[in-house]
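Undergrad: Okay, predicted coordinates and the sequence, questions at the end:
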Amino acid sequence: MDPDILKIFRLHMRKDSDIGPKAISDSDAVRFYKEDEESEFDIRPPFFRDVDRIVHSKAYARYIDKTQVFFGVSNANITHRSLHVILVSRIARQIGRILKLNTDLIEAIALAHDIGHTPFGHLGEQILDEICKEYNMGNFNHNAQGVRWLSYLEKRFPKEPAKGLNLTLQVLDGILSHNGEITERELRPVKVNGKTWQDHFNEYEDAFNKNSIIKIPMSYEGIAVRFADTISYIGRDFEDAILLKFINREDMPIVCKNVLGDTNRTIMKTLIMDLLTFSLDNNKIGYSEPVFEALKEMKKFNYEKIYIRRDLTVNGSEINFLNTLREKFRTIFKISLKDLEHKDINSPIFKDHIEYIDDNKYSTYFTPHKEQNKLTLIARDYIAGMSDKYFNDIYLYYKNKTHS
């Protein structure tokens, strides 16, 4: 390509001129590996390019059939993980536009932030965490598992073994630090000069082990996504629960109704406008005290009246769904581990997982783990990457195979 034309295109694509002093500029983007020669002729800025790598990944495609909150319901209007990440992206980019942040970086973090989620959402994550502890694998953490998919298990090039997408440090940090389940009134980046790759690796390893490091994003963009995560689900889960007749609109606590409103539209608008008002001329992103207190009460209400009840209910029947799901996870894990130990290359874990990681029969992914006796890690990756439907199909496959 003509170098002058390339330069013009890049000037049109750049974000640096549209952002303020709090933002991460495109020139600040850091990758661990040097890019290939073809990337030198790419007109896309680095964070824009990361968005493309994420949405073209296999892990991103599996969002389409992953639970957000409610599972086992045949209602196409209920929020799924694929919609949730888009909502987070839209809200975070709105925040970023007002605060003059880098919206390409925001979009990359937002669209990838839940890639590490197991089938059946946080309930599945809880069960896989129990299995990890039983098999001396430390913790399971969906934030870190998302980084693992994008940095180690995904493939950029079909004919090469998986070695990740070489995403920027800023994007990976935002994914690892998103924690929308935590309720904070205000946040600012943890380090004035950002984080190093070593900081990132330490936080990543900690997430799968002690999980003792308080992980705060290195950028305002990461913080915007962290707040947008909560804004996107708090009112939406409330509306979904009403649609499924778990609760009535009148059940909302009066303080939440008076401060936030009693519809997803009013809740989102209140939270976004309050956050922008608080954050516009501030070195922190956050909420005013009254809105923050109402938000905490709303989270408590959702947890007690929606999430706990969901875990005990399937299609209106009051059963302990957690125990039923726990048995399915353990069955799949144990049989998959057995197939690995016996090197059954016709088993689902080889054909649907290992061959995807590496086309070789005894892949560079499988062999080192076998030598280190860490086949449990492969079984964990396999289950963590499943969609809800695939999980159910595999469970039925194993159940029928056992009884045949």
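TA: Looks like it came in fine.
Undergrad: Show me the longest helix that occurs in this protein.
TA: helix 220-243 (DSSP state H).
Undergrad: Are there helices or strands packed against it, and which ones?
TA: Counting by 3 or more Cβ pairs under 8 Å, 6 or more residues apart in numbering; DSSP states H and E, the packing neighbours recorded for helix 220-243 are helix 81-98, helix 103-112, helix 169-176, strand 186-187, helix 264-279, strand 285-286, helix 289-302. Using the backbone N, CA and C atoms, a C-beta is placed for each residue, glycine as well.
Undergrad: From I98, how far out is the spatially most central residue of the chain?
TA: For the chain, D114 is the residue whose C-alpha lies nearest the centre (Cα atoms, centre = their mean; 1.2 Å). Per Cβ to Cβ, to the nearest Å, D114 is found 24 Å from I98.
Undergrad: hang on, the earlier thing: where does the residue nearest to the centre of the chain sit, in terms of helix or strand?
TA: Secondary structure assignment for D114, by DSSP states H and E: no helix or strand.
Undergrad: Do I have it right that it meets H142?
TA: Yes. Applying Cβ atoms under 8 Å as the test, D114 and H142 come out as touching, 7.0 Å apart.
Undergrad: Give the residue spans of the stretch 151-300 of the chain that score low on pLDDT.
TA: For the stretch 151-300 of the chain, the stretches with pLDDT under 70 are 158-162, 180-182, 191-192.
Undergrad: returning to that earlier point: which helix or strand lies directly C-terminal to the longest helix of the chain?
TA: Past helix 220-243, the next helix or strand by DSSP H and E is helix 254-260.
Undergrad: buried residues in that following helix?
TA: Buried residues in helix 254-260, defined by neighbour count with 16 or more other Cβ atoms under 10 Å: 256-257, 259-260.
Undergrad: got CSV for the residues you listed, with distance to L169 too?
TA: Listed next are these as CSV, based on distance: Cβ to Cβ, whole Å:
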residue, distance to L169
C256, 38
K257, 42
V259, 38
L260, 36
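Undergrad: for those residues, which one is nearest H200?
TA: Nearest to H200 among the buried residues of helix 254-260 is L260, at 35.2 Å by Cβ to Cβ.
Undergrad: show me what contacts the closest one?
TA: For L260, the contacting residues are 235, 266-267, 270-271, 291, 294-295, 298, by Cβ atoms under 8 Å, 6 or more residues apart in numbering.
Undergrad: Try it again at 7 Å.
TA: 266-267, 270, 294, 298 (Cβ atoms under 7 Å, 6 or more residues apart in numbering).
Undergrad: Filter these down to the buried ones.
TA: The neighbour count (16+ other Cβ under 10 Å) marks 267, 270, 294, 298 as buried among the contacts of L260.
Undergrad: Now the two most distant members of these.
TA: Farthest pair in those, by Cβ to Cβ: T270 and M298, 10.6 Å.
Undergrad: mind checking pLDDT for F391?
TA: Confidence at F391, expressed as pLDDT, is 93.
Undergrad: That one in helix, strand or coil?
TA: Applying DSSP: H, G, I helix; E, B strand; the rest coil to F391 yields a three-state assignment of helix.
Undergrad: and the nearest residue to it once chain neighbours are set aside, what is it in contact with?
TA: In this structure, F391 finds its nearest non-sequential neighbour in P119, 4.1 Å apart by Cβ to Cβ, 6 or more residues apart in numbering. Listed by Cβ under 7 Å, 6+ apart, the contact set of P119 reads 66-67, 386-388, 391.
Undergrad: Most neighbours of all those residues, which one?
TA: K66 (26 neighbours; other Cβ atoms under 10 Å).
Undergrad: do you know how far that residue is from D237?
TA: K66 is 15 Å from D237, by Cβ to Cβ.
Undergrad: what do you get for N400?
TA: N400 is 35 Å from D237, by Cβ to Cβ.
Undergrad: What is the burial count for A23?
TA: Neighbours of A23 under the rule other Cβ under 10 Å: 22.
Undergrad: now swap in I272 and tell me
TA: Look at I272: counted by other Cβ under 10 Å, it has 17 neighbours.
Undergrad: my read: it touches I234, true?
TA: No. Counting by Cβ atoms under 7 Å, I272 stays clear of I234, with 11.7 Å between them.
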